[in-house]
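> Build me a model:
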Amino acid sequence: MPAFIIGLVVAVVLYCINFPVMTLGLGVYLPFYLSATAFLGGLIRFLVNKFAPKFEEEGTGSIIASGLLGGEAVVGVIIALIIAVQILGA
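Here you go, the predicted model:
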């Protein structure tokens, strides 16, 4: 119970100072590799906004991100098919 109270107090204080508590909660809940990936994505976005703001205005970042997500999904399906063929062929 004390951990719940501490978490509640921390969340209320962070909420009052406009800290993104949902992001903090996801960082605590998700495994490290997903949290690290989200952090790297945020860091890349920060750097792009700071050093190349025109890049974001053109919407190129969204196109690249969509391509990466779609490509990752296609590669996942291809890997699953290769594994299935190897299992069925053995």
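> By mean pLDDT, point me to the weakest helix or strand of the protein.
Confidence across the helices and strands of the chain bottoms out at helix 53-57, with a mean of 74, counting by mean pLDDT, DSSP states H and E.
> Kindly export it (C-alpha atoms) in CSV.
The C-alpha trace of helix 53-57 is given here as CSV (Å, rounded to 0.1, in the frame of the first residue of the first chain):
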residue,chain,number,x,y,z
PRO,A,53,12.7,22.2,-38.9
LYS,A,54,12.0,22.4,-42.7
PHE,A,55,12.2,18.6,-42.8
GLU,A,56,9.2,18.3,-40.5
GLU,A,57,7.2,21.0,-42.2
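> what's the spacing between the residue nearest the centre of the chain and Tyr29?
Centroid-nearest residue in the chain: Ala38, 3.0 Å away (criterion: CA atoms, centre = their mean). Ala38 sits 12 Å away from Tyr29, taking CB to CB, to the nearest Å as the criterion. To be clear about C-beta, it is placed using only N, CA and C from the backbone, and glycine gets the same treatment.
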